[in-house]
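# what follows is a predicted structure for the sequence shown.
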Amino acid sequence: MEVRMFDEHCNDTPRTDVLEFQRICKIVLAECKKLGIKVQREDLDPVEMRAFLEKRQQFLDAYLKDATEKEAARMLRTNT
């Protein structure tokens, strides 16, 4: 399978080169690794997936609460 790549700087016109799908996947995986993103290569067990999603939701809730509290504290400092 081949996938045409588009160059965003050329008004979405196709580039002359064509990369194989496998090569594009390798590029994406390499970029993920550089950014510290762990790629799950196999399917998760439904129980593991539920545990992951619950843990993620707890993290997001705590993060949002902390960010809200910091913003409220900042607003109190600037209003007085």
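Sure thing, it's come through.

# all contacts plus neighbour counts: C-alpha atoms, from now on.
OK.

# and for Leu29, the neighbour number?
If you count neighbours by other CA atoms under 10 Å, Leu29 ends up with 15.

# just checking, what packs against the helix or strand where it lies?
Secondary structure from DSSP states H and E places Leu29 in helix 21-35. Packing contacts for helix 21-35, counted by 3 or more CA pairs under 8 Å, 6 or more residues apart in numbering; DSSP states H and E, involve no helix or strand.

# immediately after it, which helix or strand?
helix 46-79.

# follow-up on the earlier one: quick one: distance of the helix holding Leu29 to the chain centre.
Computed by CA atoms, centre = their mean, to the nearest Å, the chain-centroid distance of helix 21-35 equals 13 Å.

# grab the CA positions of it and hand them over as PDB.
In PDB, the C-alpha atoms belonging to helix 21-35 read as follows (Å, rounded to 0.1, in the frame of the first residue of the first chain):
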ATOM      1  CA  PHE A  21       2.500   3.000   4.500                       C
ATOM      2  CA  GLN A  22       5.000   1.000   6.500                       C
ATOM      3  CA  ARG A  23       7.600   3.800   6.300                       C
ATOM      4  CA  ILE A  24       5.100   6.400   7.400                       C
ATOM      5  CA  CYS A  25       4.200   4.300  10.400                       C
ATOM      6  CA  LYS A  26       7.800   4.000  11.300                       C
ATOM      7  CA  ILE A  27       8.200   7.800  11.100                       C
ATOM      8  CA  VAL A  28       5.200   8.300  13.300                       C
ATOM      9  CA  LEU A  29       6.400   5.800  15.900                       C
ATOM     10  CA  ALA A  30       9.800   7.400  15.900                       C
ATOM     11  CA  GLU A  31       8.300  10.800  16.600                       C
ATOM     12  CA  CYS A  32       6.100   9.400  19.300                       C
ATOM     13  CA  LYS A  33       9.200   7.900  21.000                       C
ATOM     14  CA  LYS A  34      11.000  11.300  20.800                       C
ATOM     15  CA  LEU A  35       8.000  12.900  22.500                       C
END
